[in-house]
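Asks: got a predicted structure plus its sequence, pasted below:
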Amino acid sequence: MIYDFIKRSMDVLGGLFGLILFSPLLIAVAIAITAGSKGPMLADTPMRVGRNGKLFKMYKFRSMVVGAQDLLQQNPELLKEYKKNSYKLHNDPRVTSVGKFIRKFSIDEFPQFFNILKGEMSLVGPRAYYPFELEEQQKKYPKSRDFVKVILSSKPGLTGVWQVSGRSEINFDKRVEMDAQYVQRRSVLYDIYLIAKTIPAVLFGRGAI
């Protein structure tokens, strides 16, 4: 399919360009993370669900303290709020000082250029969901099952419709509907449009927590 070939070409070129362009920033952030708190520069996050349900390790700069997932599981009130807010926490106490900055401007997502080059992700696509997130949220929102099936036919993206439309302000049921609509109408021009919209969304930190 011509679109798939063009999209993959855009992903490879965009991934390489992104790594080269932001290399000074990536190095500076890596140094700041390791100097600011104990632990590695990359986050040890659970696997994500990729195309056709295949699990993969998504690269992200570490924006939280080491053992953040364990701390969440050990705190019933925090865990309840986390699930209630579509697997997001406002004023998350686990986030480091450096983490607050890089999350606000989505810099923590930049290592995903490596996922793109590996073919696990695309520049533009649906959000990369956690397996437990899909399982639990589909029980909560049964009508979302059809949307999820459509989403998993495509690679997740570094950016996409929900990322430029409010991000963490959008709940799961609406988010998967938006992602499914993207997969159904995707085109090269639409991808370029979404990439262009990503720039102001990142600069102004809209919807980031």
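Replies: Structure received.

Asks: just checking, Ile102 touches Val29?
Replies: Yes - between Ile102 and Val29 there is a contact under C-beta atoms under 8 Å: 6.0 Å. (C-beta placed from N, C-alpha, C; glycine too.)

Asks: mutual contacts of these two, please.
Replies: Phe61 (C-beta atoms under 8 Å, 6 or more residues apart in numbering).

Asks: where does Ala32 land in three-state SS?
Replies: Look at Ala32: counting by DSSP: H, G, I helix; E, B strand; the rest coil, its state is helix.

Asks: my guess is it contacts Val98, does it?
Replies: Yes - counting by C-beta under 8 Å, Ala32 does reach Val98; the two are 5.0 Å apart.

Asks: neighbour count for these two, which is higher?
Replies: Val98 (21 against 18; other C-beta atoms under 10 Å).

Asks: separation between Glu136 and Met58?
Replies: 19 Å (C-beta to C-beta, to the nearest Å).

Asks: with neighbour numbers in mind, choose between these two.
Replies: Set side by side, Glu136 and Met58 show more neighbours around Met58, with 22 against 14, by other C-beta under 10 Å.

Asks: contact partners for that one?
Replies: Met58 neighbours (C-beta under 8 Å, 6+ apart): 45, 47-48, 112, 115, 120-121, 128, 156.

Asks: quick one: pLDDT of it?
Replies: On pLDDT, Met58 comes in at 97.

Asks: now the phi/psi pair for it, please.
Replies: Dihedral pair for Met58: phi -90, psi 130, per degrees, to the nearest 10.

Asks: dump the C-alpha coordinates for the helix or strand bottoming out on mean pLDDT in the chain into PDB.
Replies: Least confident element among the helices and strands of the chain, by mean pLDDT, DSSP states H and E: helix 76-84 (a mean of 79). Output of helix 76-84 as PDB, limited to C-alpha atoms (Å, rounded to 0.1, in the frame of the first residue of the first chain):
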ATOM      1  CA  PRO A  76      -4.700   2.700  47.800                       C
ATOM      2  CA  GLU A  77      -5.900   6.300  47.700                       C
ATOM      3  CA  LEU A  78      -3.400   7.300  45.100                       C
ATOM      4  CA  LEU A  79      -4.200   4.200  43.000                       C
ATOM      5  CA  LYS A  80      -7.900   4.900  43.200                       C
ATOM      6  CA  GLU A  81      -7.400   8.400  42.000                       C
ATOM      7  CA  TYR A  82      -5.100   7.100  39.200                       C
ATOM      8  CA  LYS A  83      -7.700   4.800  37.800                       C
ATOM      9  CA  LYS A  84     -10.500   7.300  38.300                       C
END
